[in-house]
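K.L.:
Following is a predicted model, sequence given first.
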Amino acid sequence: MDSKRIFLSLAEQSGFERQYVQKALDSSWITSGGPNVDNFEKELENYIKEGSFVTALNSGTSAIHLALILLEVKVGDEVICQSMTFSASANPILYQGATPIFIDSELDTWNICPENLEIAIKERIKGGKKPKAIIAVHLYGSPYKVDEIQAIADRYGIPVIEDSAEALGSSYKGKKCGTFGDFGILSFNGNKIITTSSGGALVANSQHIKEKALFFATQSKDEGAHYQHSQVGYNFRMSNICAGVGLGQMKILEQNIKSRRSINNFYREIFHDLKGVTLFEIVNQDYFSNYWLSAILIEPNKITNKNRESLRLAFENANIESRLLWKPMHLQPLFEKYPYYGKNVAEELFEKGLCLPSGSNITMENKNRIKEVINTFFNN
Ligand SMILES: *Cc1c(COP(=O)(O)O)cnc(C)c1O
């Protein structure tokens, strides 16, 4: 195969990134924080919602970590987390010395299951520990059941950290993802819908909390002329160079969402009458997904040996990248010893699921190659 590799998810440039980076270099703002960072935060605030308060950070992982710090999660505390997710959702719980409590997915949204969430909360409270936070994830851009999860969180008075790393531009009932939880988090890693090379953001709902976030993210310096510290500090701030890339990327955010949604449409047309394959789609019109990644479930067939792994290999043979879904956290060697509430929905999704090439740079020629692999695979 000498055809060019088709990647799962690559970031495209708008062409404006250079200008902002150049400005940073010319003005010697080559540090963490600075004018590009301030402007990037303003643009994000305007985009997701007036009245949300964004702190730009060096990664989405730092944003989740910072949310836990601000919620005063400490050694021995328990934090609930969706099992079906990338490990970055759960790692910060361990950074704080807390215990993750994992929850299964439900089939509609593939995200945290409301029933199992409530069962877990009740049982943990009975055991003497009320969970300090709930980390819920909008997987592959598809919103979780926001109303149901929020109602449960409110009933027990537990704050929600909304992991919106994959869902910038997605919305629920017309409101943008990232604005629902007590904290929202965004990621601008290289494979996300827009990138700052590496970066993330914490979304808070007051200026006061944003200021606290900034304090911890920039080494917890107390007021005063000298370096005075009374609390542990962190070096989490986004660099002014990275924010320059982010400002350039904001110009193509809407276009990227359009392309990714149109790729999802392309897969819908291919798979709508193919038995044994279902495309992951939103439940109803309350949900709007950026379709960061398009994913399918394949019913494994023992006779024909068609399953998600054999399709992945067929793509690989044609120099096309596809990838298995996130392996649930409760099945990971690192996390398997922690409590888990649910059945085998997440596990089944993992056993049957495959993420397909979804980058906004996928061309007509790419689509033809992808379609050919799929047709050959399922018609033989
Ligand atoms: C990418 C991602 C993160 C982490 O973001 P980074 O910027 O890579 O640290 C967290 N959660 C989910 C669900 C992600 O996909």
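P.N.:
Great, that's in hand. Residues are numbered from 1 along each chain as shown.

K.L.:
ok, and the closest non-adjacent residue to the residue in the chain that the ligand sits nearest to?
P.N.:
Going by Cβ to the nearest ligand atom, the ligand is nearest to Gly60 of the chain, at 2.5 Å. All C-beta spots, glycine's among them, are computed from the backbone N, C-alpha and C. Leaving aside its sequence neighbours, Gly60 sits nearest to Ser187 (Cβ to Cβ, 6 or more residues apart in numbering; 3.0 Å).

K.L.:
How about the contacts made by that neighbour?
P.N.:
Ser187 is in contact with Ser59, Gly60, Thr61, Ala63, Ala88, Ala165, Glu166, Gly199, Gly200, counting by Cβ atoms under 8 Å, 6 or more residues apart in numbering.

K.L.:
Got a quick PyMOL command for the buried subset of these?
P.N.:
A single PyMOL command selects the buried members of the contacts of Ser187 (16 or more other Cβ atoms under 10 Å):
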select buried, resi 59+60+61+63+88+165+166+199+200
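
K.L.:
name the helices or strands packed onto the helix or strand in which Leu202 is found?
P.N.:
Counting by DSSP states H and E, the element that carries Leu202 is strand 200-204. With contacts taken as 3 or more Cβ pairs under 8 Å, 6 or more residues apart in numbering; DSSP states H and E, strand 200-204 sits against helix 35-48, strand 53-57, helix 60-70, strand 183-187, helix 207-217.

K.L.:
so which of those comes closest to Ile6?
P.N.:
Nearest to Ile6 among the helices and strands packed on strand 200-204 is strand 183-187 (22.9 Å), distances taken as Cβ to Cβ.

K.L.:
looking only at pLDDT, what's the mean for the closest one?
P.N.:
For strand 183-187, mean pLDDT is 98.

K.L.:
let's have the chain start at 799 instead
P.N.:
New numbering, starting at 799: the last item is strand 981-985.

K.L.:
does any part of it sit near the ligand?
P.N.:
Yes. Judged by Cβ under 6 Å from any ligand atom, strand 981-985 comes into contact with the ligand at Ser985.

K.L.:
Pull the contacting residues for Lys943.
P.N.:
Here Lys943 is in contact with Glu904, Asp906, Thr907, Asn909, Ile910, Pro912 (criterion: Cβ under 8 Å, 6+ apart).

K.L.:
Can you get me a residue count around the third one?
P.N.:
Read that as Thr907. Applying other Cβ atoms under 10 Å, we find 21 residues neighbouring Thr907.

K.L.:
do the fifth one as well
P.N.:
Ile910 sits with 32 neighbouring residues when counted by other Cβ under 10 Å.

K.L.:
cool, the fourth one as well?
P.N.:
Neighbouring residues of Asn909 were enumerated by other Cβ under 10 Å; the total is 25.

K.L.:
which residue packs closest to it, ignoring adjacent ones?
P.N.:
Using Cβ to Cβ, 6+ apart, the nearest residue to Asn909 is Tyr942, at 3.6 Å.

K.L.:
The one you found contacts His936, doesn't it?
P.N.:
Yes. Using Cβ atoms under 8 Å, Tyr942 makes contact with His936 at a distance of 5.8 Å.

K.L.:
Could you name every residue contacting both of those two?
P.N.:
Shared contacts of Tyr942 and His936 (Cβ under 8 Å, 6+ apart): Asn909.

K.L.:
contacts for stretch 812-825?
P.N.:
With contact meaning Cβ under 8 Å, 6+ apart, stretch 812-825 is reached by 828, 832-834, 1038-1039, 1041-1043, 1045-1047, 1049-1050.

K.L.:
Quick one: the residues you listed as JSON lines, columns for neighbour count too.
P.N.:
What follows is the contacts of stretch 812-825, written out as JSON lines (neighbours: other Cβ atoms under 10 Å):
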{"residue": "Ile828", "neighbour count": "12"}
{"residue": "Gly832", "neighbour count": "22"}
{"residue": "Pro833", "neighbour count": "16"}
{"residue": "Asn834", "neighbour count": "27"}
{"residue": "Asn1038", "neighbour count": "26"}
{"residue": "Ile1039", "neighbour count": "21"}
{"residue": "Ala1041", "neighbour count": "30"}
{"residue": "Gly1042", "neighbour count": "28"}
{"residue": "Val1043", "neighbour count": "27"}
{"residue": "Leu1045", "neighbour count": "24"}
{"residue": "Gly1046", "neighbour count": "23"}
{"residue": "Gln1047", "neighbour count": "27"}
{"residue": "Lys1049", "neighbour count": "15"}
{"residue": "Ile1050", "neighbour count": "21"}
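
K.L.:
Please compute how far the longest helix seen in the chain lies from its chain's middle.
P.N.:
In terms of residue count, the longest helix belonging to the chain (DSSP state H) is helix 1051-1069. Distance of helix 1051-1069 from the chain centroid (Cα atoms, centre = their mean, to the nearest Å) equals 18 Å.

K.L.:
Between helix 833-846 and it, find me the angle.
P.N.:
Counting by axes from the mean of the first three to the mean of the last three Cα atoms, to 10 degrees, helix 1051-1069 lies at 50 degrees to helix 833-846.
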